[in-house]
Structures are given as structure tokens and as C-alpha cells.
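Chemist: Okay, structure incoming, though there's no sequence with it:
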């Protein structure tokens, strides 16, 4: 048994596609497929079933899914604990943050926290939501900063992780000036988030629940809100952009509403951490946040 096999298993269960899961794991599809087969041979059962709609878990796969995720997290926490005891973990606060919050919210938030008491050392890793979740699961980050929507469940187990609401935001459907006044949403080219994006999960869920009859066909996809905003600025279509990211462009009139306020999607900004933090320094920081 190898740890990477369990990580591959988790990736394939999440993405439902060998191609997408291999890309997320940064290996070729043939190599990824061999590792999945090796895991199934070690288990002695088939864990996945290929269907026309994609790859799904077998009953055996469903049974071990939660335990596999927990086992991966536990092993990485053991490594972090060993490094802590050996004195190899510095007094550094380690954050993983989605790209959209890294650009504007995170710097302002840190400045607010530092008023009167500068933080010793901070490390920020900016990535997609899926990658940030893996960093937290593997113990490579102590905290995850991300957007949340009350109706979209997190992929992090509430038994292992807890979160604190530290702000609010809004996804606003925006277009460039030249597309202002377009009569219907179907008439606007749709600039969409990819599956790896946390904002993409939110927008997809909201559209399914609130605009199921609306036909939106993506003309362009990206996991980066900043890229979608750049495309909107070039009048390439409609994109749901966080207000925190587009405030200046909206104020300058370079981005305008493509749809009415009823299409706005309310968001919360959360800081998430493992319920058991290895670092006493990080744990002390969390307790100060909670008491604010």
C-alpha cells in the first residue's frame, strides 16, 4: 500500500473522470490508471465503475471513501506532529487561500489583524479550492481561506474541520460596457468557472436551484475569477465575479451589471482549520480570532 494510491482514489472519486483526476494529480492518465489498478489489486475488489456518464464508485468504493480521506489526513498530521516535536516547524502561520481572496481580501484582513500587534511570520499559498482543500487535508497548511455559500456543503468533514465566518461577499453577474443592456441572460456569452473552482461549485448549485430553466452554455472556462473578470472587461461575456475582487472596476464603470440584483449570489468568507492543530502557535492564533 502506498499513500499516493489513497490520494489518487480520493481524486478520482471527486472528479469522476480519469482524465480530470490525472490532471489534478499532475501525472499522465496511463500512470494514474496503473496506480488505481494497483490499489484495487491490493484491496482485492473493484472500487470504480466506468459508465457513459463518467467514473463512479462501486459499493465497496463508497464504503471506504470517508475512511480513505481520514487516513490520508491522519498520516500527514502524524508527519507534522513529528516535525513539531523535533523543532522543525517554525512559528509561521500557514494559509491556503483561493485566488480571488488572495488578491484583495487577504492583505486587508491581515492588516486589520496586525493593528497594534504585528504578526511574526505568514506564508500564503494561493490556488484553486480543490488544491487548497488538499493542502489542508495533508497538513501542508494550517488554515484555509475561502468563500462559502450556506446551501453548498463543504467537502471537508465537519468532524475533522471547523470554520469561522470572518467576512461577507457577493457574486455579481457582470459584463463589460459594450454588453450593457442586453435583454436576456441567454443572449449573453457565458464565462464559466471550472469544476476545480470553489466559486464554480457555488454558481453551478445556485443556477440549478434558482434558474433551472435558463440555458447557459459556457463560451469560456477558467478556475480563476481574475481571468473571467479580464474576459468580461474585454466584452467577451457575462461572469459572476466576487464584489471584493471587482470593486474598483465597478466603481470606474468598466464593469456593469449584466443582470438584475435577483441574480446576485450571497457569499460568506470562512477560515477553516483542522479541529486538532499540531502547532501550538497556530492554535493560539485561532483562539484569538474566535474571541474577537
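Modeler: That came through, no problem. Just so it is clear, the structure is predicted and the values come from calculations on it, not from any experiment.
Chemist: Tell me where the stretch 1-150 of the chain has helices.
Modeler: Under the criterion DSSP state H, counting those that start in this stretch, the stretch 1-150 of the chain contains helices at 3-15, 18-24, 29-43, 59-85, 99-103, 105-113, 129-137.
Chemist: Any stretches of the stretch 151-292 of the chain with poor pLDDT?
Modeler: Where the stretch 151-292 of the chain drops to pLDDT under 70, the residues are 182-183, 278.
Chemist: Strands of that one, residue ranges please.
Modeler: Secondary structure of the stretch 151-292 of the chain (DSSP state E, counting those that start in this stretch): strands at 161-176, 190-193, 218-222, 239-242, 255-257, 265-274.
Chemist: Comparing those strands, which comes out most buried?
Modeler: strand 239-242 (a mean of 27; mean count of other Cβ atoms under 10 Å). In this view, the C-beta of every residue, glycine as well, is placed from N, C-alpha and C.
Chemist: Can you list the strands that that strand pairs with?
Modeler: Strand 239-242 pairs in its sheet with strand 161-176 (antiparallel), by DSSP bridges.
Chemist: by how many degrees do the strand it pairs with and strand 265-274 diverge?
Modeler: 150 degrees (axes from the mean of the first three to the mean of the last three Cα atoms, to 10 degrees).
Chemist: now strand 161-176, how far from the centre of its chain.
Modeler: 12 Å (Cα atoms, centre = their mean, to the nearest Å).
Chemist: For the strands of the stretch 151-292 of the chain, give me TSV that also has distance to residue 124.
Modeler: TSV is the format used below for those (distance: least, Cβ to Cβ, whole Å):
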stretch	distance to residue 124
strand 161-176	15
strand 190-193	21
strand 218-222	21
strand 239-242	17
strand 255-257	26
strand 265-274	13
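Chemist: Which among those is found nearest to residue 209?
Modeler: Among those, strand 265-274 comes nearest to residue 209, with 10.5 Å by Cβ to Cβ.
Chemist: between that closest one and helix 129-137, how many degrees?
Modeler: Here strand 265-274 runs at an angle of 20 degrees relative to helix 129-137 (the same axes, to 10 degrees).
Chemist: what's residue 290 in contact with, if anything?
Modeler: Residues in contact with residue 290, defined by Cβ atoms under 8 Å, 6 or more residues apart in numbering, are residue 164.
Chemist: ok so, going back, now the helices of the stretch 1-150 of the chain as JSON lines including mean neighbour count, distance to residue 51 and mean pLDDT?
Modeler: Formatted as JSON lines, the helices of the stretch 1-150 of the chain follow (neighbours: other Cβ atoms under 10 Å; distance: least, Cβ to Cβ, whole Å; pLDDT from 0 to 100):
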{"stretch": "helix 3-15", "mean neighbour count": "20", "distance to residue 51": "13", "mean pLDDT": "88"}
{"stretch": "helix 18-24", "mean neighbour count": "19", "distance to residue 51": "12", "mean pLDDT": "87"}
{"stretch": "helix 29-43", "mean neighbour count": "15", "distance to residue 51": "16", "mean pLDDT": "92"}
{"stretch": "helix 59-85", "mean neighbour count": "15", "distance to residue 51": "13", "mean pLDDT": "80"}
{"stretch": "helix 99-103", "mean neighbour count": "22", "distance to residue 51": "33", "mean pLDDT": "90"}
{"stretch": "helix 105-113", "mean neighbour count": "15", "distance to residue 51": "40", "mean pLDDT": "89"}
{"stretch": "helix 129-137", "mean neighbour count": "22", "distance to residue 51": "22", "mean pLDDT": "86"}
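Chemist: Please name whichever of those helices is nearest to residue 204.
Modeler: The closest of these to residue 204 is helix 129-137. By Cβ to Cβ, the value is 12.6 Å.
Chemist: and the direction of that closest one versus that of helix 3-15, what angle?
Modeler: Helix 129-137 runs at 140 degrees relative to helix 3-15, counting by the same axes, to 10 degrees.
Chemist: Thanks again, I'm all set now.
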